[in-house]
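Participant: with the input below, show me the fold.
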Amino acid sequence: MPISDIANYSVTENLPDGRQVTIRAIRSDDKGRIADAFREVSPESLYRRTFSAKRTLSDTELKQLTEVDFENVAALVSVMKEEGQDRIVGGGRYIRSGASGGVVTAEVAFLIDDAHQGLGIGSRIFKHLVAIARASGITHFEAEVLPSNESMLRLFARSGLPVAQARTRDSVHATIELSTTEKSMQTADEP
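Facilitator: Sure, this is the predicted structure:
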């Protein structure tokens, strides 16, 4: 997929509760919306995602999050119309991390604000990241997940993609093969 197509990626989907979510490429003008969204996430959710409970983002971190090249880093946000405003309620990204012997890996991560968890938004973001990664030649996603982050581990397991897990006391290292079988992603839209 050409970088320009990824940078302009946008799709609107219906959620099980009837609301719509737009999943689109992150833009540099999203800095304020990302900062607002970050403040809406509970310390527990932040810890599950970042392994820390940091409550604010620096200007440098906001720039790093919103100004991506869509070649080595691809980032999507989920946007919902609430009280007449477009509001970022979640996001996900992958960062290309290596290549060896025909295997091209990227680290994947995402975060959904607490009020919008359980609606299938994370699954939808993951589905679109997988499609973009496949089109960009990435063959595997990797993720470091806290063992207590059952919703993330369940999302990977229900994706229909082959998942290998290496567990330690402190984390789960998940490797997701981005195979292109028909079964892949068939259940990804389920909350």
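
Participant: if we ignore the residues flanking it in sequence, what's nearest Ala106?
Facilitator: Tyr94 (4.0 Å; Cβ to Cβ, 6 or more residues apart in numbering). C-beta: built from backbone N, CA, C; applies to glycine.

Participant: what about the nearest residue to Asn72 once chain neighbours are set aside, is that helix, strand or coil?
Facilitator: Spatial nearest neighbour of Asn72, excluding adjacent residues (Cβ to Cβ, 6+ apart): Arg96 at 4.4 Å. Assigned with DSSP: H, G, I helix; E, B strand; the rest coil, Arg96 falls in the strand class.

Participant: go ahead and confirm Arg96 touches Ile132.
Facilitator: No - look at Arg96 against Ile132 with Cβ atoms under 8 Å: they stay out of range, at 11.6 Å.

Participant: now the most centrally placed residue in the chain, which residues is it bridged with?
Facilitator: Centroid-nearest residue in the chain, with Cα atoms, centre = their mean: Gly92, separated by 2.3 Å. For Gly92, the beta-bridge partners are Leu76, Phe110 (DSSP bridges).

Participant: hang on, it packs against Ala75?
Facilitator: Yes - between Gly92 and Ala75 there is a contact at 7.2 Å, judged by Cβ under 8 Å.

Participant: pull out the CA atoms of the longest helix along the chain and give them to me as CSV.
Facilitator: Longest helix of the chain, by residue count under DSSP state H: helix 121-135. Extracted in CSV, the C-alpha atoms of helix 121-135 (Å, rounded to 0.1, in the frame of the first residue of the first chain):
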residue,chain,number,x,y,z
ILE,A,121,-13.2,-0.4,18.9
GLY,A,122,-9.9,-2.1,19.8
SER,A,123,-10.7,-5.1,17.5
ARG,A,124,-11.6,-2.7,14.7
ILE,A,125,-8.3,-0.8,15.0
PHE,A,126,-6.4,-4.0,15.2
LYS,A,127,-8.1,-5.3,12.0
HIS,A,128,-7.2,-2.2,10.1
LEU,A,129,-3.6,-2.2,11.4
VAL,A,130,-3.3,-5.8,10.2
ALA,A,131,-4.5,-4.9,6.8
ILE,A,132,-2.1,-1.9,6.5
ALA,A,133,0.8,-4.0,7.8
ARG,A,134,0.2,-6.9,5.4
ALA,A,135,0.0,-4.4,2.5
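
Participant: contacts for it, please.
Facilitator: 1, 6, 9, 11, 13, 15, 21, 23, 74, 76, 78, 89-94, 106, 108, 110, 112, 141, 151-152, 155, 158-159, 161, 178, 180, 184-185, 188-191 (Cβ atoms under 8 Å, 6 or more residues apart in numbering).
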